[in-house]
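> Below are the sequence and a predicted model for it; my questions follow.
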Amino acid sequence: MFRNRELKYGCIVYAGAGVICGSAVFAESRESFAWFLIFFAAGLASFLVGNGLRYRKIRALSLYLKRVLNGERQLDIPDNAEGELSILRNDIYKLVTKLETQAELLLADKAYLADSLSDISHQLKTPMTSMMVMTDILRDQNLPAKQRDEFVKSIQSQLERMEWLLTSLLKMSKLDAGTIQFKKERVQVRALVRKATEHLLIPMELKNQTFTVDIPEDMVLVCDFHWTAEAVANVVKNCMEHTPENGRIAIYSETRGIYTQLVVEDNGEGIAPEDLPHIFERFYRGKNAGKDSVGIGLAMAKYILGIQSGQIEAVSEPGKGTRFIFRLYHLVV
């Protein structure tokens, strides 16, 4: 306890004041001096005992922090008594609890990152292996021209798939890092849908799919135009891939109180009940997933909607099609 300078200086000051006062009292009366010594000793004892208890509590807090720094997981019980040390103890407890929570989240993030890297590696390894095999075959000078053209087209298709995957992963990484500022602007819904689907019209036409849009010209949303169009495009692309030739894809909208509802509907193969709760998870591939599916488009759509305080859900029945429902709120409740 006496290693603390403030306590040592306090005792010196107290003793000095006692000597001065004692000398004055002794000069006046020896009987008064005896009483002075008694009160002085009692005061000094009270000072030492009070500070001793105070520094014992401080030492306990110091030892507690050392245990935390050494990785001890067990948290101390907060002190509900009054006083500055009790307030300090509670603040330290809150800080340690917050650090413990952050440490758990960091471990979860590391595990998620490891799983994501494993999934990405798998998604890239498959087309790369396929292209390496086809490249070796193309070295054969006796390979027929027709088969050579087929291999070249296949390699081009695999490269396009890899390009789309890497572009999507880059977008997801920017969203995860929070480096993108979403705009809040008044957007015409028909223009939004037109932007989202313009690059999908030709693939739909090749499959002879019917695509209809039933949205009022004057319907307006407050959202980020480009990112919301990205979300809609990913959902429409998913519908197109899981709808057979001569199938139907429709988009329509409804205004319901505090939100506007945008529905993307198809009459395709539908989603299996066991897959439905997981289709918005990153890299999840259900039973009906196509061979080129990587399981990132729907996850990105949900993420984009979530950042804008929106929601997306899917309703499906195998063999009868799927409905994807976007909800963008007019205000945040």
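Perfect, I can see it now. From a predicted model like this one, the values you see are computed outputs, not experimental measurements.
> drop to CA atoms for contacts and neighbour counts, all remaining ones
OK.
> Mind listing what's buried along the helix or strand that residue 171 is a member of?
Using DSSP states H and E, residue 171 sits in helix 145-177. By 16 or more other Cα atoms under 10 Å, the buried positions in helix 145-177 come out as 148, 151, 154, 155, 158, 161, 162, 165, 169, 172, 175.
> quick check, nearest of these to residue 41?
residue 175 (69.5 Å; Cα to Cα).
> buried ones in stretch 317-333?
317, 321, 322, 323, 324, 325, 326, 327, 328, 329, 330.
> Find the nearest non-adjacent residue to the third one, please.
To tie it back to what came earlier, the one meant is residue 322. If the residues on either side of it in the chain are set aside, residue 322 comes closest to residue 316, at 4.3 Å by Cα to Cα, 6 or more residues apart in numbering.
> what about that neighbour, which SS state?
strand (DSSP: H, G, I helix; E, B strand; the rest coil).
> From here on, call the first residue 42.
In the new numbering, first residue 42, that becomes residue 357.
> That one: how many residues sit nearby?
Using other Cα atoms under 10 Å, the number of residues around residue 357 comes to 20.
> quick one: it and residue 311 touch, right?
Yes: under the criterion of Cα atoms under 8 Å, residue 357 makes contact with residue 311 at 5.6 Å.
> between those two, what contacts are shared?
residue 363 (Cα atoms under 8 Å, 6 or more residues apart in numbering).
> Averaged pLDDT, stretch 321-335. What do you get?
For stretch 321-335, mean pLDDT is 71.
> ok, now stretch 367-374?
72.
> What of stretch 211-230?
The average pLDDT within stretch 211-230 is 82.
> Would you mind pulling the contact partners of that stretch?
Residues from elsewhere that reach stretch 211-230 (Cα under 8 Å, 6+ apart): 256, 258-266, 268, 341, 349.
> please redo it, this time with the cut-off set to 7 Å
With Cα atoms under 7 Å, 6 or more residues apart in numbering as the contact definition, stretch 211-230 has outside contacts at 259, 260, 261, 262, 263, 264, 265, 266, 341.
> Excluding chain neighbours, give the residue nearest to the fourth one in space.
Nearest residue to residue 262, sequence neighbours excluded (Cα to Cα, 6+ apart): residue 228, at 5.1 Å.
> helix, strand or coil for the one you found?
Under three-state DSSP, residue 228 falls in the strand class.
> Next: the one 3 residues further on.
Per three-state DSSP, the local secondary structure of residue 231 is helix.
> what do you get for residue 323?
At residue 323 the chain is in coil, as set by three-state DSSP.
> Tell me how many other residues surround it.
Close neighbours of residue 323, defined as other Cα under 10 Å, add up to 18.
> what does residue 96 give?
Residue 96: 15 neighbours (other Cα under 10 Å).
> Likewise for residue 140?
13.
> Can you tell me how far residue 186 is from residue 56?
Counting by Cα to Cα, to the nearest Å, the gap between residue 186 and residue 56 amounts to 107 Å.
> which other helices and strands contact the lengthiest helix in the chain?
Assignment by DSSP state H gives helix 125-179 as the longest helix of the chain. Here helix 125-179 touches helix 186-218, going by 3 or more Cα pairs under 7 Å, 6 or more residues apart in numbering; DSSP states H and E.
> Just checking the distance from the helix it packs on to the centre of its chain.
Computed by Cα atoms, centre = their mean, to the nearest Å, the chain-centroid distance of helix 186-218 equals 27 Å.
> That one vs helix 125-179, what angle?
Here helix 186-218 points in a direction 170 degrees away from that of helix 125-179 (axes from the mean of the first three to the mean of the last three Cα atoms, to 10 degrees).
> What's the first helix or strand after the helix or strand of the chain with the lowest mean pLDDT?
Lowest on mean pLDDT, DSSP states H and E among the helices and strands of the chain sits helix 46-69, with a mean of 70. Once helix 46-69 ends, the next helix or strand along the chain (criterion: DSSP H and E) is helix 71-110.
> which stretches of the stretch 92-241 of the chain have low pLDDT?
Across the stretch 92-241 of the chain, the ranges flagged by pLDDT under 70 are 92, 112-124, 126, 153-154, 156-158, 160-161, 163-164.
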